[in-house]
Each structure stands twice: as structure tokens, then as C-alpha cells.
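Visitor: from the sequence below, what's the structure:
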Amino acid sequence: MSVLVVVECDNGEVKKSSLEVASYGSQVAQMLGTTATAVAVGEATEANLAKLGEQGISKVLYDAEPRLKDFVNGAYTKLIAAAAGKEDSKIIVLANSNIGASVGSRLSVRLQASLATNVVELPKANGSSFTVKRGAFSGKAFADVVLSGDRKIIAVKKNSIEALHEAGKTATVEAFSASLSDADFTDAPKQVVMQDQAGGILLPEADKVVSGGRGMKGPENWGLIEDLAKALGAATACSKPVSDVDWRPHHEHVGQTGITVSPNLYIACGISGAIQHLAGVNSSKVIVVINKDPEAPFFKAADYGIVGDVFEVLPKLTQAVKELG
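Guide: Coordinates of the predicted model:
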């Protein structure tokens, strides 16, 4: 019985959040005295899947069905369930992402499994039960949840686990077929539109994010945000009021009702820091706030703060980044 890890891929690359999940799953397997097997979803290459050995994965199952390139809830659910059956896996670990949230709940019903989402630490085993710590109330509290079912599904919060990197280790990549039919793709989207930000970086997976609020005073000033993002190799984002007045497209809106991000670096420019916005960014490792109002609520959540006019600070910051780069 191995631990099954769901690995999300895009454009041939394994997503950063899935490297963290693979590391989590391999540590759970080590704790239980077994191995960790991954099942890949999305578009992947065999070379990149083999590198999952660096995160402690021993084997990767990959179904090359071309329609699995894009997320289809029913098909992904059946694929993962089939992989769990093949490996006799009682424990499934996945990312607490849009895909993980959709598939996790379906798998829980399909496999009659206990489910914990937004998990931030490795589990504590107590006989056949697991106790896991999960974030609650938009990151303002934590809850200890007991998973007592025979089957367990754990959705790991981004940036909560450090990805392992054991250089030189490789995983075996094994062709796998879940025998999917046309009926499994009935909920496939009629059109898939990938919304890339600056430099082709997908916002939910971005390692760095530069975000702007109403303090930017208008869409004509967004070049300052884009210049800094380009210099850093970052994605761009915005607050809800900005997308509401059409200064920026809605797919850049970060917050409780928009996209949740977990980058290593989040730079907020001219954003006051309403609680709804904080709920979407509080998993960031480092938050930098630039605001001319020293009483802006965002400063309370910031690791670093610059009290100043964004129109003066951003050009200087961009120049400094270019000189260092």
C-alpha cells in the first residue's frame, strides 16, 4: 500500500505547489514505512515527471490521453480513483488548489474517504487515525481535524511545506490508462482560455506577484506595475475595486472573492489592505507594502513596508532591481 500523490502539470512542467505536495506525500509514506507513488494530471513530459524522485516519489503513473491536458472534473476524478485502486492507496495527497478543491470533494464521496483541506502540517498518526492541522477563517485560526476513515484525502495548503530536493534521485515513469470514455468528458469546458500575466506567468502559480490598488489612480499608470513585474519575473495582480471599475481584467483580481495566491514575494502597491484582500494573499511568504498612508491596515500584515508615494517609489525600486539583476 503506497501513498498516492496527485501531481498537477502545465505546459510540460510540474507546478510548484505539486512539488510541495510530493514532498509532503513522501514524508507521510516514510512515516508509515511505505512508498509514495504519484499520478500526473495535465500536460507533462516524462523527463520532468522523473525528476519527482528528488521529492521522494518512487513511481509516477501517467495517462497520455490527450483530453486530459485540460482540467475536466469527472475525468480527473476517475483517473485518480483508478490510480488509487491500482496502487491500493488508502491515503491520497493533493494540492489545495482549484483542481484539488474540485476533485478532492468528488473523490471523498466516490471512495468514501475522510477529507481535510487547507492542511499546513504533516499529520500525527494515532493508530489508524490521522490528526491534521488546517487553516481556518481565512488563515486567522487553525483547527486540529481527526481523519478516522479507512481512506484519507489530504489537501495541502500552498507554501506550508518546504519542497525537498534530493539531487540525482529519479522516479520511474509508468504508462497508465484509466480507460476513460467520452462520458467522462461530458463536463469538459467548451472553450479553455488560459489567462497569462506578464511574461506568460499564471497568477495562481506565480512565485512573485506585483499588485496594484486604487492608489495607482488609473489604468494609464499600470505601466509602473508592469515594469517592476517584468524586472522581477513576476505576475501582475490587482485589488477588487480596480477590477470592478475595469482598470484591470477580472482574472487579475486577488482576494477572498477572486484568486488566492501563495507566492514567495507579494508586493502591494497603493492597496489599503481590506480584510477581503488579505484573505487572498495571507499565505505569501513575504509581503511588501507600498502606501503613502502610514495608517493603512495592510502594514499590520506586512513583513516590509515603505511609506511613500507609489509614483516615486516604484520607478526607483524597478531601477534598483534592474541594477541588481
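Visitor: residue boundaries of the strands in the stretch 51-200 of the chain?
Guide: Using DSSP state E, counting those that start in this stretch, the strands found in the stretch 51-200 of the chain span residues 59-62, 91-95, 114-119, 124-126, 129-136, 141-147, 152-156, 172-175.
Visitor: quick one: strands adjacent to the fourth one?
Guide: Applying DSSP bridges, strand 124-126 is found paired with strand 129-136 (antiparallel).
Visitor: swap in the last one?
Guide: According to DSSP bridges, the neighbouring strands of strand 172-175, each with its direction, are strand 59-62 (parallel).
Visitor: quick one, the longest strand anywhere in the chain and strand 152-156 angle?
Guide: Longest strand in the chain, counting residues (DSSP state E): strand 3-14. For strand 3-14 against strand 152-156, the angle by axes from the mean of the first three to the mean of the last three CA atoms, to 10 degrees is 40 degrees.
Visitor: send me the following helix or strand past strand 3-14 as PDB with only the CA atoms.
Guide: Using DSSP states H and E, the helix or strand that follows strand 3-14 in sequence is helix 16-32. This file holds the C-alpha atoms of helix 16-32, laid out as PDB (Å, rounded to 0.1, in the frame of the first residue of the first chain):
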ATOM      1  CA  LYS A  16       5.500  24.400  -7.700                       C
ATOM      2  CA  SER A  17       2.500  23.500  -5.400                       C
ATOM      3  CA  SER A  18       2.800  19.900  -6.600                       C
ATOM      4  CA  LEU A  19       6.500  19.700  -5.700                       C
ATOM      5  CA  GLU A  20       5.400  20.700  -2.200                       C
ATOM      6  CA  VAL A  21       2.700  18.100  -2.200                       C
ATOM      7  CA  ALA A  22       5.100  15.400  -3.500                       C
ATOM      8  CA  SER A  23       7.400  16.200  -0.600                       C
ATOM      9  CA  TYR A  24       4.500  16.100   1.800                       C
ATOM     10  CA  GLY A  25       3.300  12.700   0.500                       C
ATOM     11  CA  SER A  26       6.800  11.200   0.500                       C
ATOM     12  CA  GLN A  27       7.300  12.200   4.200                       C
ATOM     13  CA  VAL A  28       3.900  10.700   5.100                       C
ATOM     14  CA  ALA A  29       5.000   7.500   3.300                       C
ATOM     15  CA  GLN A  30       8.200   7.400   5.200                       C
ATOM     16  CA  MET A  31       6.300   7.900   8.500                       C
ATOM     17  CA  LEU A  32       4.200   4.900   7.600                       C
END
